[in-house]
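Novice: this is a predicted model, with the sequence first.
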Amino acid sequence: MSFIFDHVAQQVPDIGEAVTWYRDLIPGTTVLYQDESWAFIEANGTKLAFVKKDQHPNHLAWRVNNKELQAIAAKYDQEIVPHRDNTHSFYLEAPGSQWIEIISFEGSDWEKSDRE
């Protein structure tokens, strides 16, 4: 299996404020996506997601392909959830109450941009 580290997600009360703060702090920060409910930025090669507390937990995300996603979900008896950007994922709770997202970009809005 090929696990590729993808991003860190942090719950924030104000998405726009978080994006502005990181853009001001880290030169060259790129906003990959932003709306009122979540944002995705890249800062010096590291991807960060800002999420609302009621929508996603704080988590580390590992990217796999669709076949691997299905195999891992079956192994851990998890339901794969489609997202509005056509990614698919599920969460696992790791020791220490850390949440891990296993995500596939295949067929998503991110698949093409991820290869460029």
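Specialist: On my side now, so go ahead.

Novice: all strands for this protein, in order.
Specialist: Per DSSP state E, the chain has strands spanning 4-11, 30-34, 38-43, 46-51, 59-63, 81-82, 88-94, 98-104. These are given in chain order.

Novice: the inter-axis angle of the fourth one versus strand 98-104?
Specialist: This means strand 46-51. Taking axes from the mean of the first three to the mean of the last three C-alpha atoms, to 10 degrees, one finds strand 46-51 and strand 98-104 inclined to each other by 110 degrees.

Novice: sheet partners, orientation included, of strand 46-51?
Specialist: strand 4-11 (parallel), strand 38-43 (antiparallel) (DSSP bridges).

Novice: compare those and give me the one nearest Arg84.
Specialist: With distances scored as C-beta to C-beta, the stretch of these nearest to Arg84 is strand 38-43 (9.8 Å). (Each C-beta comes from the backbone N, C-alpha and C, glycine too.)

Novice: can you put the strands of the chain in a markdown table and add mean pLDDT?
Specialist: What follows is the strands of the chain, written out as a markdown table (pLDDT from 0 to 100):
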| stretch | mean pLDDT |
| --- | --- |
| strand 4-11 | 96 |
| strand 30-34 | 95 |
| strand 38-43 | 95 |
| strand 46-51 | 96 |
| strand 59-63 | 97 |
| strand 81-82 | 94 |
| strand 88-94 | 96 |
| strand 98-104 | 96 |
